[in-house]
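Asks: only the shape, not the letters, is given here:
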């Protein structure tokens, strides 16, 4: 049963990336993350009351609560990095890098959770790692590089077709994507420890409170609170929908993590990359090169082998 929940998590996560990309197109990524978290919080606590697990709150130990809080902080950091990377990079490039967190998660699960690493798992880690590297491609600008003068560049302002801006952005998204992967791997390990003995929906809801506080603190510190009023109707719709998709992914993910091994649940969840790549082509016309396609096949192959 945990495997079904893991695949459900992957499906919702794939939709989240597409909906979020639409929502943050004209919105600051930190503000968008904070807004989405409100939706996820409402969704997660609704599920808590539906299953009746709110009565278990007094029974949560201090140790479990600490790990849930730490997991929430790691999630918040991962989200902030991920959605900023999505805002300045292509989905079919950002998502694979974020999904490489599976390799680090398996290593951390071996070190801290005592989950074994077989020869098969090592092969899978290599496939996923190499596949990720193959999918990392520099964004190519289709603008005319030499003809644009300095005044024209200033005149265009936010026009991202400027070669300099494109070149800078192509490296910046990669740093944020790797940051997202690092914090996501910590989230999985801390979350695994934190939800032991706690109903998964309740654990998810508690973690979301931490993420919400962290996200809005970042918005306040960066002076972006006024940006909330500037969000247009279309962005609101996509941000809310992405919040629901995230909530569905989380609930499935932590239900799977509660009863299944982290070293297998996490890789299956990362199959969301397939959903994301397909929709990124349909919605945004983002195409994969032959090298990128080979990398995708290696990632999917390595992930599927882990379920054997």
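Replies: Perfect, I can see it now. Note that the coordinates shown come from a computational prediction; the quantities given were computed from them, not determined experimentally.
Asks: report the rounded mean pLDDT for stretch 209-217.
Replies: Mean pLDDT, stretch 209-217: 95.
Asks: also stretch 259-274?
Replies: In this model, stretch 259-274 has an average pLDDT of 78.
Asks: end to end on that stretch, go ahead and measure it.
Replies: For stretch 259-274, the first and last residues are 25 Å from each other (Cα to Cα, to the nearest Å).
Asks: just use 24 as the starting number from now, easier for me
Replies: Got it, first residue is 24 now, which makes that one stretch 282-297.
Asks: what comes up buried for that stretch?
Replies: 283-297 (16 or more other Cβ atoms under 10 Å). All C-beta atoms are positioned from the backbone trio N, CA, C, and that covers glycine.
Asks: other SSEs contacting the helix or strand containing residue 263?
Replies: Assignment of secondary structure by DSSP states H and E places residue 263 within helix 256-282. Applying 3 or more Cβ pairs under 8 Å, 6 or more residues apart in numbering; DSSP states H and E, one finds that helix 256-282 contacts helix 25-46, helix 52-74, helix 186-217, helix 223-244, helix 285-292.
Asks: looking at these, which is nearest to residue 85?
Replies: With distances scored as Cβ to Cβ, the stretch of the helices and strands packed on helix 256-282 nearest to residue 85 is helix 186-217 (11.7 Å).
Asks: can you pull the buried residues of the closest one?
Replies: Within helix 186-217, the residues scored as buried using 16+ other Cβ under 10 Å are 188-189, 192-193, 196-197, 199-217.
Asks: taking helix 285-292 as reference, get the angle to that helix.
Replies: For the pair helix 186-217 and helix 285-292, the angle between their directions (axes from the mean of the first three to the mean of the last three Cα atoms, to 10 degrees) equals 140 degrees.
Asks: what's the end-to-end length of stretch 308-317?
Replies: 19 Å.
Asks: give me the mean pLDDT for stretch 256-273.
Replies: Rounded mean pLDDT across stretch 256-273 is 89.
Asks: for stretch 44-59, same thing?
Replies: According to the model, stretch 44-59 has a mean pLDDT of 89.
Asks: what residues sit buried inside that stretch?
Replies: Judged by neighbour count using 16+ other Cβ under 10 Å, the buried positions of stretch 44-59 are 44-47, 50-59.
Asks: out of those residues, which is nearest to residue 129?
Replies: Looking at the buried residues of stretch 44-59 and their distance to residue 129, the nearest is residue 56, at 26.9 Å (Cβ to Cβ).
Asks: hey, which helix or strand in this structure has the poorest pLDDT?
Replies: Considering only helices and strands, the least confidently modelled element of the chain by mean pLDDT, DSSP states H and E is helix 173-179, at a mean of 42.
Asks: output the below-cut-off pLDDT ranges for the protein.
Replies: The chain contains residues with pLDDT under 70 at 160-193.
Asks: I'd assumed residue 43 was in contact with residue 265.
Replies: Yes: when contacts are counted by Cβ atoms under 8 Å, residue 265 is listed as touching residue 43 (4.2 Å).
Asks: quick one: neighbours of the residue nearest to residue 302 when sequence neighbours are not counted, just the number.
Replies: Residue nearest to residue 302 in three dimensions, not counting chain neighbours: residue 41, with 4.4 Å by Cβ to Cβ, 6 or more residues apart in numbering. Burial of residue 41, expressed as a neighbour count using other Cβ atoms under 10 Å, amounts to 24.
Asks: picking up where we left off before, among the helices and strands packed on helix 256-282, which is nearest residue 256?
Replies: Taking Cβ to Cβ as the criterion, helix 25-46 is the member of the helices and strands packed on helix 256-282 that comes nearest to residue 256, at 11.4 Å.
Asks: could you give the angle of that closest one to helix 285-292?
Replies: 50 degrees.
Asks: tell me what helix 25-46 is packed against?
Replies: Taking 3+ Cβ pairs under 8 Å, 6+ apart as the contact definition, the neighbouring helices and strands of helix 25-46 are helix 52-74, helix 85-111, helix 114-122, helix 256-282, helix 285-292, helix 295-307.
Asks: in CSV: these, plus distance to residue 235.
Replies: Converted to CSV, the helices and strands packed on helix 25-46 look like this (distance: least, Cβ to Cβ, whole Å):
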stretch, distance to residue 235
helix 52-74, 5
helix 85-111, 8
helix 114-122, 21
helix 256-282, 11
helix 285-292, 22
helix 295-307, 23
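Asks: which of these sits closest to residue 32?
Replies: Going through these one by one, with Cβ to Cβ as the measure, helix 256-282 comes closest at 3.8 Å.
Asks: in that closest one, which of the residues would be classed as buried?
Replies: In terms of neighbour count (16+ other Cβ under 10 Å), helix 256-282 has its buried residues at 258, 261-281.
Asks: now that helix and helix 85-111, what's the angle there?
Replies: Helix 256-282 and helix 85-111 meet at an angle of 140 degrees, taking the same axes, to 10 degrees as the criterion.
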